[in-house]
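Student: would you be able to build a 3D model of this:
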Amino acid sequence: MLISYKTILDNAFKDGYAVGAFNCLSLENVIGVIKAAEKLNSPVILQLAEVQFPYSPMELMAPIFLEAAKRSKVPVAVHLDHGQSFETCARAISLGFNSVMFDGASLPYEDNIAITSQVVKMAKAADVDVEAELGKVGDTTEVLTNKPNEMNDDIFTNVEQSADFIEKTGIDALAIAIGNLHGNYIATPKLNIKRLAEIREKNNLPLVLHGGSGTSEEDFKSCVHNGIAKINVATAMQMAVAKKIKDYVNNNEKNNYIDMKWLMIEASEETAEYHIRLFESQGKA
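Tutor: Okay, here's the model as predicted:
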């Protein structure tokens, strides 16, 4: 069933679990995620990031996401991840996404507030929820590759600023930076759970963790128990599918495309099931 993003996150925030938000780049990813969610009776979020549009166009993926959500036996939200402009958010809303993220974290603070506020105003007119980002969620290629220990307070979400940002924009969820990174980790990051707890204490709003792939189970649990209500999963699923296909090709003289499609579904389902259990959302549908 297609359920509002805000409802799914508010329930998670209130009851102390997190919902997996899975970046799905194919039909096989979507089928696998829904199978895992229904198996474990868990709410789930299907999402697509703007940087993924070249190989998974939003106009083609939106109908798949929405039909899968409507047919599902569990609550599902359909979300635009890391929208890079007001215009992209507007396109997603016109296609039926029931939540959008505007990512203005790299902009000057006042510009981030201004554009996020415009997105919120537009979205609320269409009964769509909004996520925004504050702080620097880095990329593994720019941080860990060159300076593996350079994770300091300057890139973390500021506690006082988070409250000001939420008040001025009217967002429904805030993605924060506490040492998390996008991409395939070459080292296990250590998240600043103290900063997370301070942000949670300051704001009565669901918080979001991006760059979840590669985070330790211990840190994931600490995040879930300190206000993170949504955790993005992208790289982990891509790696699982790639490994499953690689193993198949290496161990079969004759490769069958249909077999590969089933393996993609299987890898997606396994990845989603693992994270649903880790985030403690099983049985919460």
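Student: after the helix-or-strand element of the chain with minimal mean pLDDT comes which helix or strand?
Tutor: Here the helix or strand of the chain ranked lowest by mean pLDDT, DSSP states H and E is strand 138-139, holding a mean of 50. For strand 138-139, the following helix or strand on the C-terminal side (DSSP states H and E) is helix 159-169.
Student: next helix or strand past that following helix?
Tutor: Next in sequence after helix 159-169, counting helices and strands by DSSP H and E, comes strand 173-176.
Student: C-alpha coordinates for that following strand, CSV please?
Tutor: C-alpha atoms of strand 173-176 as CSV (Å, rounded to 0.1, in the frame of the first residue of the first chain):
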residue,chain,number,x,y,z
ALA,A,173,12.7,14.9,8.1
LEU,A,174,16.4,16.0,8.3
ALA,A,175,19.4,14.2,6.9
ILE,A,176,22.4,14.8,9.1
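Student: which residues of the stretch 101-250 of the chain fall in helices?
Tutor: In the stretch 101-250 of the chain, helices defined by DSSP state H, counting those that start in this stretch lie at 109-125, 159-169, 193-202, 217-224, 235-250, listed in chain order.
Student: mean pLDDT, distance to Glu28 and mean neighbour count added to these, as a markdown table?
Tutor: Yep, even glycine has a C-beta here, placed from its N, CA and C like the rest. Compiled in a markdown table, the helices of the stretch 101-250 of the chain are given as follows (pLDDT from 0 to 100; distance: least, C-beta to C-beta, whole Å; neighbours: other C-beta atoms under 10 Å):
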| stretch | mean pLDDT | distance to Glu28 | mean neighbour count |
| --- | --- | --- | --- |
| helix 109-125 | 98 | 30 | 17 |
| helix 159-169 | 97 | 36 | 17 |
| helix 193-202 | 96 | 34 | 18 |
| helix 217-224 | 94 | 25 | 17 |
| helix 235-250 | 96 | 8 | 16 |
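Student: okay, now the unreliable bits of the stretch 51-200 of the chain?
Tutor: Residue ranges of the stretch 51-200 of the chain with pLDDT under 70: 137-154, 182-189.
Student: go with 50
Tutor: Counting by pLDDT under 50, the ranges of the stretch 51-200 of the chain that qualify are 139-151, 183-186.
Student: quick one: contacts for the spatially most central residue of the chain?
Tutor: Central residue of the chain (C-alpha atoms, centre = their mean): Asn232, 2.7 Å from the mean position. For Asn232, the contacting residues are Ala21, Asn23, Gln47, Asp81, Val208, Leu209, His210, Gly211, Gly212, by C-beta atoms under 8 Å, 6 or more residues apart in numbering.
Student: how about the secondary structure of the first one?
Tutor: Which is Ala21. Following DSSP: H, G, I helix; E, B strand; the rest coil, the label given to Ala21 is strand.
Student: I appreciate the help and will end here.
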